[in-house]
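Engineer: quick one, what's the 3D model for this:
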Amino acid sequence: MSFTDTVNTLQPRTRAAELNRQLWWILVAWIFGAWWLWTMQGAAVEIFKKQLNTPTWAFGLFGAMVFVGPLAQLPGSLFIEKFGHRRAFFFVVLIAGRLAWVLIGLIPWLLPGLDAWWWVIFLLLFGVSRLLNDSGGPPWLNWMSDVIPRRIRGTYFAERNRWGLAASLAATTFAGVVLYLADNALWATTFLLILAGIMGTIDILCFLVVPDPGPKHPRRNPAPLRSLLVPLLDREFRPFLGYGFFFAMSASMMGAYGFHYAIFVLEWDSFSLNVFLLAIPFAFKFLITPVWGAVVDKVGKRPVLIMGQLLLLPVPVNWLLMSHDSIWPGYFLVLVANLGWAAIEISSFNIILDLSGSARKPHHQRAGSAYPAINAVVSATGGILGGLIGLVYAINFEGFHYSFTVSSVLNDVDTNVESTLFESQLTFHALIFALAILLRITALLFSIQLHEPRSQGTREAMAFTTSAFYSNIRGGLLAPTRMAGRILEASYRLRR
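Structural biologist: You can find the predicted model right below:
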């Protein structure tokens, strides 16, 4: 064999090894990214808001601000369409966005005499961080769609989510222990936010070892604004926009006032918040995420998205089944709904990734950064409206209060004994949760209209999913038995 033949034989192996190395670093990066993300969305930030004297009505502003950030994906998309340099743009904006959390943690220490303005400055820096982080979304999606092979995306991102869930579990447990031992002291929340900012920065730096497989001198789009109209004119894409709009409205309300309900109505402390709302759900999702990844690769993204929404639909009611004295059965139903969150995360992300590729080949369904950018803007608009509607409800119905009990009467020979089966205190949160259910039903109707030629029917997908979950649960339950059998085989040999 000649030298040239040898080199040609080794090149595919070298490319595969290099791709595996890049995929491994993308997984490692998300460990640090998940630590930053779930500290930012965890109890430490909610307690920090209280420490900065944030008024109740302003919680809705923070909820809306979460969805202001995705609006920055539009200029991010326009930039890379006009100038290229998606990798460099990603590093600049994301590193700045992550380091902003170091400044957020230092607000009360750098501005000791402006305590009345602490929460306002926090809100502004929070918004700047969201804008910077989200503006790097289209470049990253466009970049990753060229790095990660299409055939493994469902399984790969399910594995990536598992790594992130493990890191999230560690981050929330660590935050809960620190806050508990420090009795929710200001220095403890400051330490956790600064640590999160450092972890988030390491996440971005891990991508330094991942090259850009696109052309070194990409073809620039002379009319990037015109390319933004393409998604809006796509009949098959518009139902996904409708789904994103209404689901984001619901998520904004539940995200802003779900934590508020747990803190002020259920009166959970920081340790309970981290354990019941973060640690246990993360552990649950860690076990079920690989199943959803395999289901997406097998049956398609559309049926998985529909199944996830059906599981999430009753979550607002489940919250109302919890009380200060007892969290059952509501909390158990919230855990079951985590099946739906994992399904929606994986299916939605894979839909967006499919729309984000830079290679405009005939066998690709769509390509370019315009689709995820438009989707982000529409979803952000829904999220902002949801947060503002929640704010209006909180201002006008803050004094709303209604108590109800479910009791039973046991007839005896001499006396009637009445026992209380369930008791709940309804506040203005119940009105917000009821509206969130209506919005989720609307989002579900839009997702049913999605078109995915290669997907299976929802009933067939449900059958496959049920079988997959049964096989995984059965395998997990029988794992100790198999392990014991292997030990016995190694330690005892039958005579021949």
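Engineer: list the buried residues of the longest helix that the chain contains.
Structural biologist: Counting by DSSP state H, the longest helix found in the chain is helix 3-40. Within helix 3-40, the residues that count as buried by 16 or more other Cβ atoms under 10 Å are 22-23, 26-40. For glycine as for every other residue, the C-beta is placed from the backbone atoms N, C-alpha and C.
Engineer: do stretch 228-237 as well
Structural biologist: Burial within stretch 228-237, assessed by neighbour count using 16+ other Cβ under 10 Å, is assigned to 228, 231, 237.
Engineer: give me the contacts around that stretch.
Structural biologist: When contacts are taken as Cβ atoms under 8 Å, 6 or more residues apart in numbering, the neighbours of stretch 228-237 outside the stretch itself are 74, 77-78, 238, 241, 355, 366, 368, 370-371, 373-375, 450-451.
Engineer: what's the most distant pair in those residues?
Structural biologist: Of all pairs drawn from these, the greatest distance, 27.5 Å, lies between Leu78 and His451 (Cβ to Cβ).
Engineer: so these two - more neighbours on which side?
Structural biologist: Leu78 (19 against 12; other Cβ atoms under 10 Å).
Engineer: tell me how far the more buried one lies from Phe240.
Structural biologist: Between Leu78 and Phe240 the distance, using Cβ to Cβ, to the nearest Å, works out to 21 Å.
Engineer: also Ile95?
Structural biologist: Between Ile95 and Phe240 the distance is 31 Å, computed by Cβ to Cβ.
Engineer: isn't Leu106 up against Thr189?
Structural biologist: No. Taking Cβ atoms under 8 Å as the contact criterion, Leu106 and Thr189 are not neighbours in contact, 11.4 Å apart.
Engineer: the two - which one has more neighbours?
Structural biologist: Neighbour totals were compared for Leu106 and Thr189, and Thr189 leads with 27 against 14 (other Cβ under 10 Å).
Engineer: part of a helix, is the more buried one?
Structural biologist: Yes. Following the definition DSSP: H, G, I helix; E, B strand; the rest coil, Thr189 is counted among the residues of a helix.
Engineer: ok, now which ones touch it?
Structural biologist: Taking Cβ under 8 Å, 6+ apart as the test, what Thr189 contacts is 44-45, 47-48, 51, 105, 179.
Engineer: and which of those residues is nearest Phe247?
Structural biologist: If you rank the contacts of Thr189 by distance to Phe247 using Cβ to Cβ, Val45 comes first, at 22.7 Å.
Engineer: let me see the contact set for that closest one.
Structural biologist: Counting by Cβ under 8 Å, 6+ apart, Val45 touches 39, 189, 193.
Engineer: could you find the closest non-adjacent residue to the second one?
Structural biologist: The shortest distance from Thr189 to any residue that is not its chain neighbour, by Cβ to Cβ, 6 or more residues apart in numbering, is 4.4 Å, and that residue is Phe48.
Engineer: go ahead and confirm that neighbour touches Leu193.
Structural biologist: Yes. Using Cβ under 8 Å, Phe48 and Leu193 qualify as a contacting pair, with a distance of 6.7 Å.
Engineer: now Ala283, nearest residue through space, not along the chain?
Structural biologist: The shortest distance from Ala283 to any residue that is not its chain neighbour, by Cβ to Cβ, 6+ apart, is 5.8 Å, and that residue is Leu169.
Engineer: for Ile384, give its distance to Ser145.
Structural biologist: 27 Å.
Engineer: where does pLDDT dip in the stretch 51-200 of the chain?
Structural biologist: Low-confidence segments of the stretch 51-200 of the chain, defined by pLDDT under 70: 67.
Engineer: strands of that one, residue ranges please.
Structural biologist: For the stretch 51-200 of the chain, applying DSSP state E, counting those that start in this stretch gives no strands.
Engineer: tell me where the model's unsure across the stretch 301-450 of the chain.
Structural biologist: In the predicted model of the stretch 301-450 of the chain, residues 324, 356-369, 399-425 satisfy pLDDT under 70.
Engineer: list the contacts of Ser348.
Structural biologist: Contacts here follow Cβ under 8 Å, 6+ apart; on that basis Ser348 touches 301, 305.
Engineer: how distant is whichever strand or helix holds it from the center of its chain?
Structural biologist: According to DSSP states H and E, Ser348 maps onto helix 330-354. Here helix 330-354 shows a centroid-to-chain-centroid distance of 8 Å under the convention Cα atoms, centre = their mean, to the nearest Å.
Engineer: buried residues in the next helix or strand after that helix?
Structural biologist: Going down the chain from helix 330-354, the next helix or strand is helix 370-396, by DSSP H and E. Of the residues in helix 370-396, those buried by neighbour count under the rule 16+ other Cβ under 10 Å are 370-391, 393-394.
Engineer: quick one, helix 370-396 and helix 330-354 angle?
Structural biologist: With axes from the mean of the first three to the mean of the last three Cα atoms, to 10 degrees defining the directions, helix 370-396 sits at 150 degrees from helix 330-354.
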